[in-house]
Structure formats: C-alpha cells, structure tokens
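K.L.:
from the sequence below, what's the structure:
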Amino acid sequence: MRFFIDNNLSVGLAHGMRAFGENVDHLKDHFPPDTPDVEWLEFIGENQYFLITRDDMIRRNPAEIRALRNFKVGAFFLGGKNRTRWELVQQLVRNWARIKELAEKTKRPFAFRVPPTGTKIEQIHLG
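P.N.:
A predicted model of the protein is given here:
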C-alpha cells in the first residue's frame, strides 16, 4: 500500500513515516512544488497511491474532482485549520491504522475526511 503526501504537508512528515517502515512519498519526491494538482493526481492514480492532503480546494474544484474520479484516486483529507506540525503528526498517527484499513477495503475513487481530534473518519461525496 503506497501513500502520497501533498505539498501542503511537510516533506519531513512523509519521510518520517517512511523511516517507521511505511510506504509514503511526498510530492517533492516526484514533482516540482508548483506542479498543477491535476498533473500529480494523474500520477497518483496511475501508480496506485493513496493521497493524504490538507487541501480542501481539491474536493471543491470541478477539474480536480474530475481528476480524482477519472484517475481513480483514493484520498484522505486531514481536517482542521491552523494546526501545528506536531498536531498534524498526532492526527495522522492517531488515525493511521484506520486510514490503511479504509484504503485497503474501499473501492477507488473515494475521499474521506480525517478529523483534527478523535478518530471518526467520514466519507466525503465526490461531486
């Protein structure tokens, strides 16, 4: 199972997860930071990654919603605003087992919102 962390999260977070044995890449591992979302969403779909992002605009932008659907991307959106790096680490680690379970069991395309506190991950309608 492979995960891809968007540029709105720290490259250190991705590499830290990798250091703990998880298969996690960061956008900067494959693309320049200013690469259009639709371009790397295609890469994610073609390479069977699951997306982890904080970018809510992806699920609100019609072109990016189409890309999620067309490229069969499974996406996890980390909820919450003004989160510190440590809070983001906690949020991801606290929900990691459930994220992996949902990634394995849910047919793509899909989107889930990972809550800033607690562990109730909710599915998001794409479109």
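
K.L.:
the strands in this structure, which residues?
P.N.:
2-5, 24-26, 49-53, 74-78, 110-114, 122-123 (DSSP state E).

K.L.:
let me have these in CSV, extended by mean neighbour count and distance to Asn95.
P.N.:
Every C-beta, even on glycine, is put in place using the N, C-alpha and C of the backbone. Listed next are the strands of the chain as CSV, based on neighbours: other Cβ atoms under 10 Å; distance: least, Cβ to Cβ, whole Å:
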stretch, mean neighbour count, distance to Asn95
strand 2-5, 22, 12
strand 24-26, 21, 14
strand 49-53, 23, 10
strand 74-78, 24, 8
strand 110-114, 21, 5
strand 122-123, 11, 12
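
K.L.:
now Phe31, nearest residue through space, not along the chain?
P.N.:
Trp40 (5.4 Å; Cβ to Cβ, 6 or more residues apart in numbering).

K.L.:
so who does that neighbour touch?
P.N.:
By Cβ atoms under 8 Å, 6 or more residues apart in numbering, the residues touching Trp40 are Phe4, Leu27, His30, Phe31.

K.L.:
got JSON lines for the strands of the chain, with mean pLDDT too?
P.N.:
Shown next, in JSON lines, are the strands of the chain (pLDDT from 0 to 100):
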{"stretch": "strand 2-5", "mean pLDDT": "98"}
{"stretch": "strand 24-26", "mean pLDDT": "98"}
{"stretch": "strand 49-53", "mean pLDDT": "98"}
{"stretch": "strand 74-78", "mean pLDDT": "97"}
{"stretch": "strand 110-114", "mean pLDDT": "97"}
{"stretch": "strand 122-123", "mean pLDDT": "96"}
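
K.L.:
show the average pLDDT along the lengthiest helix in the chain.
P.N.:
Identified as the longest helix of the chain according to DSSP state H is helix 85-105. For helix 85-105, mean pLDDT rounds to 96.
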